[in-house]
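Undergrad: Attaching a predicted model along with its sequence, questions to come.
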Amino acid sequence: MDSTRIRPVAQLIATAGIFATLLVMGMQFTVHHFTSKESLIFPTIILSIVLIYHLLIDRKLITNKNNLLVTGSLILFATYYVLNINRDAPLKLEYITYFLTIVLLFTAIVFFKNRIVDKRMWIIFVFIYANVFFLPTLLSINKLIAANSNGIIAFLLLFFCLINLKEKNVILKSLNIYTAFLLVITLFTATSRTAMMAFIIIILFFFAIKYLHRYTFYIISFLILLSPIVTGLYVYLKHTAIGQSLNDLSIHITGKNFFSGRDTIWSEALNAVIKSGEIWTGLGTNVEFQKYGGYLHNLYVQVFYQSGLIGLVLFGVLLLSIAIAIGRAKVIDTDFRILIGYFTAILFLQVFEGHLIYKFEIISVISWVIIAFLIRKASEA
């Protein structure tokens, strides 16, 4: 059969597989949750097979120094992480498929000239997601559970509405505007302080980058290096007058403590690695830490706890490779400004949430999809 006929079929199957997998992942944070993490393995395997098949028949690939550098860094970190994460026990298929999904989706978006999922298709997916999971909550039919995570999901899904604001099709345009409105309401009613702050960061960077794009690499690199410092400063501030003032302000505005226990679990996790003597490789697990099921709410603490200084260095190289790629961008249009704003916001989320690794969930995958869109955009001549 002619490959020109096979490609549309493969693209359709891949699109359906991606959206089905994301919808199942999204159920983990709703009252519709009736699946386990292990059940996500099967749609992920099917998706992986289709993406590999599409890679073999898509001859028009986009290859340059930017996407090769970033993808190579991602594969290097993912390989080390998977091999190290359960080094004292058999490898879990859950982690292998999780990272395989991220790497394959990232590769498909960045390298395939014929996109696996056209950005207009995301309008339909986000519309379905918002109406199935968020609208019933806003209408008080269902109760919003995992409010913080749902706020972040709404924030991430809003990206696909923003990049489609110029859609000319009347039906798709109407769906997109309605969905964007619904997501913004969900974002601010979910009481996720990190999601709200991330939303503000996007607005600031969207306008600022128009005048500062020549310094993009330096700004992003500075933010990457600053993030671990902010983590340490956050722990330190709790015992100061400034920290107490920030806590009082947070309680007054949001009804929540500014520190919310994160400083405690970060300190305990770091001490656990130091006492174990496994500073270079970490503890090689994500289930030993007793509080919050091992989830440490910080990318850098999580990486160090699980995979040590080696993991931190490899992930730092990955983030800096992204900074290099976007620093070389030549097309500074509206989409790029939205993307750079989202990447900056995602970096902010890693200090207080850290969803880029560890979690087998929609937040992680959507974050990497957005980063892939950014790398592809930065590669445009």
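TA: Here it is on my side, so go on.

Undergrad: my guess is E361 meets M27, correct?
TA: No - applying C-beta atoms under 8 Å, one finds E361 not in contact with M27, separated by 10.2 Å. (C-beta placed from N, C-alpha, C; glycine too.)

Undergrad: what's the neighbour count on I171?
TA: When neighbours are counted by other C-beta atoms under 10 Å, I171 registers 9.

Undergrad: Okay, it and I375: tell me how far apart.
TA: According to C-beta to C-beta, to the nearest Å, I171 stands 31 Å off from I375.

Undergrad: what's the answer for F336, then?
TA: Applying C-beta to C-beta, one obtains 11 Å for the distance of F336 from I375.

Undergrad: Those two: who's more crowded?
TA: Looking at F336 and I375 with other C-beta under 10 Å, you find the greater number of neighbours at I375, namely 26 against 23.

Undergrad: dump the residue contacts of that one.
TA: Taking C-beta atoms under 8 Å, 6 or more residues apart in numbering as the definition of contact, the neighbours of I375 are 66-67, 70, 110, 322, 325-326.

Undergrad: got those residues as TSV, with secondary structure, neighbour count and distance to L312 columns?
TA: Putting those into TSV (DSSP: H, G, I helix; E, B strand; the rest coil; neighbours: other C-beta atoms under 10 Å; distance: C-beta to C-beta, whole Å) gives the following:
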residue	secondary structure	neighbour count	distance to L312
N66	helix	22	23
N67	helix	22	24
V70	helix	27	18
V110	helix	27	24
I322	helix	24	16
A325	helix	27	20
I326	helix	24	21
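
Undergrad: of those residues, closest to G151?
TA: Of all the contacts of I375, the one with the least separation from G151 (C-beta to C-beta) is I322, at 24.5 Å.

Undergrad: tally of neighbours for A241?
TA: A count of neighbours around A241, defined by other C-beta under 10 Å, yields 8.

Undergrad: typed the wrong thing, it's M196
TA: By the measure other C-beta under 10 Å, the count of residues near M196 is 16.

Undergrad: Just give the closest residue to it, not the sequence neighbours.
TA: Nearest residue to M196, sequence neighbours excluded (C-beta to C-beta, 6 or more residues apart in numbering): F188, at 6.5 Å.

Undergrad: Please apply the same query to G151.
TA: The shortest distance from G151 to any residue that is not its chain neighbour, by C-beta to C-beta, 6+ apart, is 2.8 Å, and that residue is S192.

Undergrad: And V110, by the same measure?
TA: The nearest residue in space to V110 (C-beta to C-beta, 6+ apart) is N67, at 4.5 Å.

Undergrad: now do A147
TA: A190 (4.6 Å).

Undergrad: I'd guessed that neighbour sits against N148; true?
TA: Yes - using C-beta under 8 Å, A190 and N148 qualify as a contacting pair, with a distance of 7.0 Å.

Undergrad: who's more crowded, these two?
TA: For A190 versus N148, the count of surrounding residues by other C-beta under 10 Å is larger for A190: 23 against 19.

Undergrad: quick one: that one from L183, how far?
TA: Using C-beta to C-beta, A190 is found at 10 Å from L183.

Undergrad: Please enumerate the shared neighbours of those two.
TA: With contacts defined as C-beta under 8 Å, 6+ apart, the residues shared by A190 and L183 are A154.

Undergrad: Y218: how many residues sit nearby?
TA: The burial metric for Y218, expressed as a neighbour count using other C-beta under 10 Å, is 12.

Undergrad: now D118
TA: Quick note: D118 (other C-beta under 10 Å) scores 11 neighbours.

Undergrad: Tell me how far it lies from V50.
TA: With the distance defined as C-beta to C-beta, D118 ends up 16 Å from V50.

Undergrad: same deal with G26?
TA: In this structure, G26 lies at 20 Å from V50, with C-beta to C-beta as the measure.

Undergrad: Can you give me the pLDDT of I6?
TA: Here, the pLDDT recorded for I6 equals 62.

Undergrad: What of F217?
TA: 91.

Undergrad: Equivalent analysis for I153, please.
TA: We note a pLDDT of 91 for I153 in this prediction.

Undergrad: what about it, how many neighbours?
TA: By the criterion of other C-beta under 10 Å, I153 has 30 neighbours.

Undergrad: Kindly confirm my reading that it forms part of a helix.
TA: Yes - the assignment for I153 by DSSP: H, G, I helix; E, B strand; the rest coil puts it in a helix.

Undergrad: how about it, what does it touch?
TA: Contacts for I153 (C-beta under 8 Å, 6+ apart) come out as 26, 29, 362-363, 366.

Undergrad: before we move on, the earlier item: the contacts of I375 into TSV, with extra columns for distance to T79 and pLDDT?
TA: Compiled in TSV, the contacts of I375 are given as follows (distance: C-beta to C-beta, whole Å; pLDDT from 0 to 100):
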residue	distance to T79	pLDDT
N66	21	86
N67	18	88
V70	15	93
V110	18	88
I322	18	94
A325	20	93
I326	24	92
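
Undergrad: Go through the residues you listed and name the one nearest A20.
TA: Using C-beta to C-beta, the contacts of I375 come closest to A20 at V110, 22.2 Å.

Undergrad: Which residues are in contact with that closest one?
TA: Applying C-beta under 8 Å, 6+ apart, we find V110 in contact with 62, 67, 70-71, 372, 375-376, 379.

Undergrad: Could I get the residues you listed in JSON lines, plus columns for distance to L91 and secondary structure?
TA: Written out in JSON lines, the entries for those read as follows (distance: C-beta to C-beta, whole Å; DSSP: H, G, I helix; E, B strand; the rest coil):
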{"residue": "I62", "distance to L91": "32", "secondary structure": "coil"}
{"residue": "N67", "distance to L91": "28", "secondary structure": "helix"}
{"residue": "V70", "distance to L91": "25", "secondary structure": "helix"}
{"residue": "T71", "distance to L91": "22", "secondary structure": "helix"}
{"residue": "A372", "distance to L91": "25", "secondary structure": "helix"}
{"residue": "I375", "distance to L91": "28", "secondary structure": "helix"}
{"residue": "R376", "distance to L91": "31", "secondary structure": "helix"}
{"residue": "S379", "distance to L91": "33", "secondary structure": "coil"}
